[in-house]
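1. need a structure here:
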Amino acid sequence: MRLEQRTFETIDALKRSTTLDALFAVLSEGVAPLGFSSFLVTDVPLPGETLKSQVVLSGWPPGWLSQYSDQNYAHEDVVVRRIKSSCRPFRWSEASQGRPLRPIEARIMGEATEFGMLDGFCVPVHGVTGYQACVSFGGNRVDLTGREASALQLIGLIAYGEARARRLRHGNAEVVEDAGLTAREVEVLRWISRGKSNWDVSVILGISERTIEKHVAAASVKLNTCNRAHAVAESIRLGVIH
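-> The predicted structure is shown next:
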């Protein structure tokens, strides 16, 4: 099967997946022909946050996810550092950009190989409100052509959006049926419509500013808007907030 056909069949299947389990199966099957046996769809943890608390969908070996999170490796990992400064996908082995790895960075890379991840390919995701995330694929080797790398980037971006939407949709929060927004997302947008900053809203609601950013980003995705002002305007237009 040609690369283009396989790529768009994978994307179509990701969009048709109604559950995270179904999406997991599609993504696993879709990237296997490119040499990847594992993947992680996650937001990038802020200082004080663990990786586990930010994972959207994990296809990592369970032992490695626990080890990585328990050791707070996300705050030392050269791959995560590169995600924060790059919009372009990259191989794990390219993450240091030619500088020698620090001992802790080398240790993280070495321990990953014990779980069958000798190298990988990372697709950074940067949201409209500034949050950072990624889809990271791991395998025994990474030997992608330029076209294959572009295909994987597209699959990764679609997978992140679909996985995050499923995670939000199947959460425990009450859903506002008209726009698919949760009650908390509506509350956040209502305060923003009154001129409050993310920090102001975090103080008012007693939750972190990062969580406010995530609510705004999720609302923007559901409303098909490009920034917070657009999201507020669309919410008002739909009658979700007044």
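
2. Might you report the residue contacts of the closest residue to residue 147 other than its chain neighbours?
-> Using Cβ to Cβ, 6 or more residues apart in numbering and skipping residues adjacent in sequence, the residue nearest residue 147 is residue 3, 6.0 Å away. For glycine as for every other residue, the C-beta is placed from the backbone atoms N, C-alpha and C. Contacts for residue 3 were tallied using Cβ atoms under 8 Å, 6 or more residues apart in numbering; they are 147, 148, 151.

3. what about the second one, how many neighbours?
-> It stands for residue 148. In terms of burial, residue 148 registers 17 neighbours under the definition other Cβ atoms under 10 Å.

4. That one contacts residue 36, doesn't it?
-> No - at 10.8 Å, residue 148 does not count as touching residue 36 under the criterion of Cβ atoms under 8 Å.

5. Wait, residue 26 touches residue 17, no?
-> Yes - using Cβ under 8 Å, residue 26 is in contact with residue 17, at 5.6 Å.

6. what about these two, which has more around it?
-> The neighbour count for residue 26 versus residue 17, taken as other Cβ under 10 Å, is higher for residue 26 (22 against 19).

7. And that one, what's its pLDDT?
-> Reported pLDDT at residue 26 in the predicted model: 96.

8. How about it, nearest residue that isn't a chain neighbour?
-> Nearest non-adjacent residue to residue 26, counting by Cβ to Cβ, 6+ apart: residue 13, 4.4 Å away.

9. Please enumerate the strands of this structure.
-> 38-43, 55-58, 90-91, 119-126, 132-139, 175-176, 181-182 (DSSP state E).

10. Going by mean pLDDT, which of those strands comes out lowest?
-> In terms of mean pLDDT, the lowest-scoring of the strands of the chain is strand 175-176 (a mean of 45).

11. Where does pLDDT dip in the protein?
-> Applying pLDDT under 70 to the chain flags residues 1, 127-131, 168-179, 242.

12. Show me where it has its helices.
-> Taking DSSP state H as the test, the helices found in the chain are 3-16, 20-31, 62-70, 78-85, 103-113, 146-169, 183-193, 198-205, 209-223, 228-237.

13. mind putting the ones you listed in JSON lines, distance to residue 52 included?
-> Rendered in JSON lines, the data for the helices of the chain read as follows (distance: least, Cβ to Cβ, whole Å):
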{"stretch": "helix 3-16", "distance to residue 52": "23"}
{"stretch": "helix 20-31", "distance to residue 52": "16"}
{"stretch": "helix 62-70", "distance to residue 52": "4"}
{"stretch": "helix 78-85", "distance to residue 52": "14"}
{"stretch": "helix 103-113", "distance to residue 52": "16"}
{"stretch": "helix 146-169", "distance to residue 52": "14"}
{"stretch": "helix 183-193", "distance to residue 52": "21"}
{"stretch": "helix 198-205", "distance to residue 52": "22"}
{"stretch": "helix 209-223", "distance to residue 52": "15"}
{"stretch": "helix 228-237", "distance to residue 52": "28"}
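
14. Residue 41: which of these is closest?
-> Distances from residue 41 to each of the helices of the chain were compared using Cβ to Cβ; the shortest belongs to helix 146-169, at 4.8 Å.

15. which strands and helices sit next to that closest one?
-> Under the contact criterion of 3 or more Cβ pairs under 8 Å, 6 or more residues apart in numbering; DSSP states H and E, the helices and strands touching helix 146-169 comprise helix 3-16, helix 20-31, strand 38-43, strand 55-58, strand 119-126, strand 132-139, helix 209-223.
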